[in-house]
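Engineer: Next one to model:
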Amino acid sequence: MNIASRIRRSFFRDEKKKLPSVSGSSSGNEDDLLGVTDELIDHVRSFTIDTFKNFTLYDEEACVNPLEEDEEDNGVSNVKKDLSDWQERHAVLALSKSKELSQLRFKLCPRLLKEDQFWKIYFKLVRNLVAKYEVLAIQQALIRRMAMEASESKGGVYEVEMSETRPRLSSTGPATP
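Structural biologist: Below is the predicted model of the structure:
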């Protein structure tokens, strides 16, 4: 499964969740947590096809681990290693909020760029605008994980072996004092 189908599927899943709500506005809190702000949307509107065509990814492509290439050749590539969970949710929300970005992606992928290249370039272009939101999401995830670990250690299940408290009565007869 490639990134495009994964993003598409999560986008439609999110839309189905939003349908039953009566209020027409989407969750502004989620937009803020994912960094999809008006400033970001305005910045994305300035992107052109040439912005992506002329962008070089030399630093990541030059340092390729040969072991990773072998895994991809065998078809055992993991989509998760391309985008983090936060980046994936951000991408879905950004595509739904910015028709310009979705049109650019449609024009560029897969004819001129691979899907993962498109998103690497996108996140490098918006790095200054979304970095604080991504760091905040990482911190919140870490706090949640630490809280879960703490609650598991406090309220964990302990197995205790109980010993008999009553003396056994002998089967030969009543015990005499």
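
Engineer: Show the subsequent helix or strand relative to the helix or strand of the chain with the lowest mean pLDDT.
Structural biologist: In the chain, the helix or strand scored least confidently by mean pLDDT, DSSP states H and E is helix 66-73, which has a mean of 41. Later in the chain than helix 66-73, the nearest helix or strand by DSSP states H and E is helix 85-97.

Engineer: where do the strands sit along this protein?
Structural biologist: Using DSSP state E, the chain contains no strands.

Engineer: Going by neighbour count, which residues in the lengthiest helix in the chain are buried?
Structural biologist: Longest helix in the chain, counting residues (DSSP state H): helix 127-154. Buried residues in helix 127-154, counted by 16 or more other CB atoms under 10 Å: 129-130, 133-134, 137. All C-beta atoms are positioned from the backbone trio N, CA, C, and that covers glycine.

Engineer: May I see these arranged in TSV, with pLDDT and distance to L101 as well?
Structural biologist: Converted to TSV, these look like this (pLDDT from 0 to 100; distance: CB to CB, whole Å):
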residue	pLDDT	distance to L101
L129	93	13
V130	93	13
Y133	93	17
E134	91	18
A137	89	20
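
Engineer: Can you add distance to D42 and give the residues you listed back as TSV?
Structural biologist: Converted to TSV, the buried residues of helix 127-154 look like this (distance: CB to CB, whole Å):
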residue	distance to D42
L129	10
V130	14
Y133	16
E134	19
A137	22
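
Engineer: pLDDT below threshold where in the chain?
Structural biologist: 1-29, 58-81, 154-177 (pLDDT under 70).

Engineer: Return the distance of S98 relative to A141.
Structural biologist: 25 Å (CB to CB, to the nearest Å).

Engineer: Please consider this matter closed, and thank you.
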